[in-house]
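Visitor: okay, predicted coordinates and the sequence, questions at the end:
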Amino acid sequence: MKFINPNNMKNTLVFLIALFLVGLNSLPLSGSEPTSMKETDNQLLIVWTSGDPELAHKMVFMYAHNAQKNGWWDQVTMLVWGPSEKLSSEDAKIQESLQKMQEDGVELLACKACADQYGVCSKLEDIGITVKYTGTFLTDYIKSGKKIITF
C-alpha cells in the first residue's frame, strides 16, 4: 500500500482547482455567441420575386417594414428580383410602400440583369432602388450564413 504525502496532495489539489478555474473562465457565458455569429444573426435578406401585388402588401412589405421599424433585425435588405421588378416599376401603391420602407431603413436592391430584361432599370433607379448585378451578391450572402426569406 502506498502512502500519499500530505504536502504533495495539497499542491496537487491547488493545481487542480487553478486548472478548473482557468477552464471555467474560458467558457462562454450562457446565451453569448461569438461576435461573427451575432453579426450574421442580425441581418435579413428578403428575396421578393412575386409579381402579385396582394402578396406584396399583405406579406412581403408588412413583414419587411415591421422587421426593420421594430428592430427585429439590425438590417433588413429586400432584393427585388424578376416579376417583382416589373410590378414595382408600374404600380404607384407598390412604389409608395417601397418608399416608406426605405425611409425607415429597409435597403432596397434590384437585379440589373432582370431589370434590363423587363426594360425597367431606369424606372427602378428613379424610385430609389439600387440596381446592380446580384448573382454574386446573393451567392455570397447565402454562403455567409446570414438569414434569407423568399416570397
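Guide: Thanks, I have it.
Visitor: find the helix or strand that Leu87 is a member of.
Guide: In this assignment (DSSP states H and E), Leu87 forms part of helix 83-90.
Visitor: now the element after that helix, going C-ward?
Guide: helix 92-103.
Visitor: ok so, going back, contacts for the helix holding Leu87, please.
Guide: 48-53, 56, 80, 94-95, 98, 110-111, 114-115, 118, 120, 123-124, 127, 129 (C-beta atoms under 8 Å, 6 or more residues apart in numbering). Where C-beta positions appear, they are placed from N, C-alpha and C, glycine not excepted.
Visitor: out of those, which end up buried?
Guide: By neighbour count, with 16 or more other C-beta atoms under 10 Å, the contacts of helix 83-90 hold 48-51, 53, 56, 80, 94-95, 98, 110-111, 114-115, 118, 120, 123-124, 127, 129 as buried.
Visitor: ok, residues contacting stretch 121-136?
Guide: Outside stretch 121-136, the residues within contact range by C-beta under 8 Å, 6+ apart are 79-81, 85, 88-89, 95, 98-99, 102, 107-113, 115.
Visitor: rerun at 10 Å
Guide: Residues outside stretch 121-136 that contact it (C-beta atoms under 10 Å, 6 or more residues apart in numbering) are 47, 77-81, 85-86, 88-90, 92, 94-96, 98-99, 102-103, 107-116, 118, 120, 141.
Visitor: least confident secondary structure element in the chain?
Guide: Sorting the helices and strands of the chain by mean pLDDT, DSSP states H and E puts helix 35-41 at the bottom, at a mean of 47.
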